[in-house]
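Student: this is a predicted model, with the sequence first.
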Amino acid sequence: MRKGIVLFTAILMIMSTMVWANGQSEEVAEGEIAELSLTYAELNPDGHPLSDVGYYFADKVAELSGGAMKIQVFTSGILGSEKESMQALQVGGGSIDMFRGNTNSLSDYNINKLTLFSMPYTFRDRAHLWSVLESEIGVSYLSEPQEVGSKMVALFYTEEGARNFFTSDPMTGMADLKGRKMRVPKTQVMTDTVKALGIEPTPIDWGELYSSLSTGVVDGAEQPFAGYYSNKFYEVSPYYILDGHTYSPGVVLMSEAVWNEMSKAQQDVLMEAAAAAQAFCKKNAARVDEELISKIREVATVIEVKNIAEVQATTESVVNKYIVGLEDEMAAIKAK
């Protein structure tokens, strides 16, 4: 009932936003920025570092535009699932103009270079991740969604740390995960990755995960520190294994139709704010991870992985499947 009320309220806010935006005059003085209101969707709840990025970005846009441009941030997946949100971008925005997606979902939209970032065990650590994202490789890959005709524009990168598995039943190592039902996002990359590890992939919408864990529909799932802790998954799945199977950075995407309707001045504001938000995310994600690992150890059993090289070897077939024709690209990423 509460979720229905929140959703109804969100819809009313969006409708009023659209009416407000459509009623603005297109005539503005030279050098001024026309008024514009946009919606931004995030799956995670308030207090999660990725939600923090969304709010930071919105504040920066308002600041740089002198208040002319406003972004309403909707968290907790209230505007829909990842797939629903990205489809909304493709059809032209309105209900959702921007969405923080994950690179492990992009192969389903023929966005293959950015998908390389979600390959298992690609990044050695956070420093390696950002050395790639901030390099000419990362910058050039942001153009891919438009280049392949996805009807989406990539604005900037986000990250929330390495993803790790967690379970409701006791485990002592990666071998204990074999045969278990693990929730994965509804993406082929993650499905293939967990299959390679001997795990049974079970696609479930994000909003249904907690109840699915508590009722035994799935035996576990995978999330970075922030996702695991902020959503209180430790209450129903208190065994957390530090395998770091992927960093899978996020990308803030925008409806290309909405982007094309914006003036050059408005686009410049978004991109300047995007650069600031990406820098904020890099610093904030590292800080949050440092704080959360000790908190997770207080509420869950944390397992270290001793045979990580052997585990990595089992996923090589997944990497080889997705890098066909992009072997040099992957080599360049790993060489950074």
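Tutor: Thanks, I have the structure now.

Student: now do the helices in the stretch 151-300 of the chain.
Tutor: Here the stretch 151-300 of the chain has its helices, by DSSP state H, counting those that start in this stretch, at 188-196, 209-215, 225-230, 256-261, 264-299.

Student: which of the ones you listed sits closest to Ile333?
Tutor: Closest to Ile333 of those is helix 188-196 (C-beta to C-beta; 15.3 Å). Where C-beta positions appear, they are placed from N, C-alpha and C, glycine not excepted.

Student: by contact count, what packs against that closest one?
Tutor: Helix 188-196 sits against strand 181-184, strand 200-203, helix 316-322, with contacts defined as 3 or more C-beta pairs under 8 Å, 6 or more residues apart in numbering; DSSP states H and E.

Student: winner for burial among those?
Tutor: strand 181-184 (a mean of 22; mean count of other C-beta atoms under 10 Å).

Student: show me what it packs onto, helices and strands only.
Tutor: Contacts defined by 3+ C-beta pairs under 8 Å, 6+ apart place strand 181-184 against helix 188-196, strand 200-203, helix 209-215, strand 220-223.

Student: can you say which of those is packed in most?
Tutor: strand 220-223 (a mean of 25).

Student: rewinding a little: please identify the deepest-packed of the helices of the stretch 151-300 of the chain.
Tutor: Buried most deeply of these, by mean count of other C-beta under 10 Å, is helix 225-230, with a mean of 23.

Student: contact partners of that one?
Tutor: 44-45, 47-50, 160-161, 164, 166, 233-234, 240, 285, 288-289, 292-293, 295-296, 299-300 (C-beta atoms under 8 Å, 6 or more residues apart in numbering).

Student: need the helices of the stretch 151-300 of the chain in JSON lines (columns: mean pLDDT and distance to Gly94).
Tutor: JSON lines is the format used below for the helices of the stretch 151-300 of the chain (pLDDT from 0 to 100; distance: least, C-beta to C-beta, whole Å):
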{"stretch": "helix 188-196", "mean pLDDT": "93", "distance to Gly94": "28"}
{"stretch": "helix 209-215", "mean pLDDT": "96", "distance to Gly94": "28"}
{"stretch": "helix 225-230", "mean pLDDT": "94", "distance to Gly94": "28"}
{"stretch": "helix 256-261", "mean pLDDT": "97", "distance to Gly94": "8"}
{"stretch": "helix 264-299", "mean pLDDT": "97", "distance to Gly94": "17"}
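
Student: would you format those as TSV with distance to Ile96 included?
Tutor: Converted to TSV, those look like this (distance: least, C-beta to C-beta, whole Å):
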stretch	distance to Ile96
helix 188-196	22
helix 209-215	21
helix 225-230	21
helix 256-261	10
helix 264-299	15
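
Student: Val91: neighbouring residues, count only.
Tutor: Val91 has 12 neighbours, counted by other C-beta atoms under 10 Å.

Student: which ones are touching it?
Tutor: Lys151.

Student: which pLDDT value belongs to it?
Tutor: As predicted, Val91 sits at a pLDDT of 94.

Student: and it, its phi and psi?
Tutor: Reported as degrees, to the nearest 10, the phi and psi values for Val91 are phi -90, psi 0.

Student: which neighbours in the sheet does the strand or helix carrying Phe99 have, and how are they oriented?
Tutor: If you go by DSSP states H and E, Phe99 is part of strand 98-102. Take DSSP bridges as the rule and strand 98-102 pairs in its sheet with strand 36-41 (parallel), strand 250-255 (antiparallel).

Student: check the ones you listed for me and report the most buried one.
Tutor: Taking mean count of other C-beta under 10 Å, strand 250-255 is the most buried of the strands paired with strand 98-102, at a mean of 25.

Student: put the alpha carbons of that one into PDB.
Tutor: Output in PDB follows, covering the C-alpha atoms of strand 250-255 (Å, rounded to 0.1, in the frame of the first residue of the first chain):
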ATOM      1  CA  GLY A 250      27.500   2.300 -13.800                       C
ATOM      2  CA  VAL A 251      26.800   4.800 -16.600                       C
ATOM      3  CA  VAL A 252      24.300   7.700 -16.200                       C
ATOM      4  CA  LEU A 253      22.200   7.500 -19.400                       C
ATOM      5  CA  MET A 254      19.900  10.100 -20.900                       C
ATOM      6  CA  SER A 255      17.100   9.900 -23.500                       C
END
